[in-house]
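Engineer: Can you look at this prediction? I've put the sequence above it.
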Amino acid sequence: MNKRIKQHYPQALAALLSFCLSSALLAQEPVVIEGAVPNEAAKQEILGKLYAAYGQANVVDKIQVRAVTAPNGWSSAVSNLITEDLKKVRQGRLSVRGAQVDLIGKVAQQQDIQPTSARMQSLLPAPYRFSAQLSVNAAEQQIIDAALKNRIIEFESGSAVLAPSGIQILDEMAAALNKVAGKKVKISGHTDSSGDADRNLALSQARAAAVKNYLISKAIPAGNLSTEGFGSGQPVADNATAEGRRKNRRIEFEVL
């Protein structure tokens, strides 16, 4: 990008395109897009590209139209990024804040990383700045994803006590973890947005720890497991619906 350009938009449009898709072998999770755009036309332009790429039924629209500022041609620049290359990224997030564009996520093969980053950067004119953090959704991760089968590990309501259905899934996960023996795996806890944010954060951490402890009891080495709780900060579905909240109350496994 042109380093001579010093123009910044620290409080500009905060549109956030967030998507968390499972392995291509599994069912597709929705694309959640949220943030603020300056007018209805910008919103419809971006949504139109998303609907065309992912299907309207797979897109959760949480965009707000507000009095925000953005570079000229902002909506066109954002919609241009919604291409087949973007669809290669799984378990990721595309964030556009003013003229700063950040992409994180996983791709199927190592050789996809550089071309995907380069093509997306080529779609952005000055003064946009692009940053990508892409990693490989390796064979070990695919084994873990296939074992989870897009299911939700459930707990007793409002607690970190595993429900019987959650225990059954974890018994299957223990077998999958034995197949990737030696690899370190991070267990991430997530909640829906109901209730107090601090309590949700603590609950997500406690649930991740409960999953780790159960897996240790199934002979998975403690040193191979780490935990982190994110509270309600990383939704994969709309918290306005009961089904969306159920999907957001989840445990994720990431092979490191």
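Structural biologist: Noted; the coordinates are in hand.

Engineer: mind listing the helices in the protein by residue range?
Structural biologist: Assigned by DSSP state H, the helices in the chain fall at 40-54, 74-80, 84-87, 113-122, 139-148, 164-179, 197-217, 242-248.

Engineer: any weak-confidence spans in this structure?
Structural biologist: Along the chain, the model assigns pLDDT under 70 to residues 1-29, 137.

Engineer: hmm, try it at 50
Structural biologist: 1-27 (pLDDT under 50).

Engineer: quick check: domain ranges of it?
Structural biologist: Following automatic domain parsing, one gets these domains for the chain: 16-136, 139-255.

Engineer: Dump those into JSON lines; add mean neighbour count as well.
Structural biologist: The C-beta positions use only the backbone N, C-alpha and C, and glycine is treated the same way. Below are the domains of the chain laid out as JSON lines (neighbours: other Cβ atoms under 10 Å):
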{"stretch": "domain 16-136", "mean neighbour count": "17"}
{"stretch": "domain 139-255", "mean neighbour count": "17"}
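
Engineer: sorry, back to before: between the helices of the chain, which gets nearest to residue 97?
Structural biologist: helix 74-80 (10.8 Å; Cβ to Cβ).

Engineer: follow-up on the earlier one: pipe the helices of the chain into TSV and attach distance to residue 231 per row.
Structural biologist: Shown next, in TSV, are these (distance: least, Cβ to Cβ, whole Å):
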stretch	distance to residue 231
helix 40-54	26
helix 74-80	27
helix 84-87	27
helix 113-122	30
helix 139-148	21
helix 164-179	19
helix 197-217	4
helix 242-248	10
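
Engineer: Give me the nearest residue to residue 218, chain neighbours excluded.
Structural biologist: Closest residue in space to residue 218, ignoring its immediate chain neighbours: residue 174 at 3.9 Å, by Cβ to Cβ, 6 or more residues apart in numbering.

Engineer: so the one you found touches residue 221, yeah?
Structural biologist: No: under the criterion of Cβ atoms under 8 Å, residue 174 is not in contact with residue 221, lying 11.5 Å apart.

Engineer: any idea how far the nearest residue to residue 205 once chain neighbours are set aside lies from residue 170?
Structural biologist: Spatial nearest neighbour of residue 205, excluding adjacent residues (Cβ to Cβ, 6+ apart): residue 229 at 3.1 Å. Per Cβ to Cβ, to the nearest Å, residue 229 is found 17 Å from residue 170.

Engineer: Which residues does residue 96 form beta bridges with?
Structural biologist: Counting by DSSP bridges, residue 96 is bridged to residue 101.

Engineer: Tell me how far it lies from residue 182.
Structural biologist: Applying Cβ to Cβ, the value for residue 96 to residue 182 is 38 Å.
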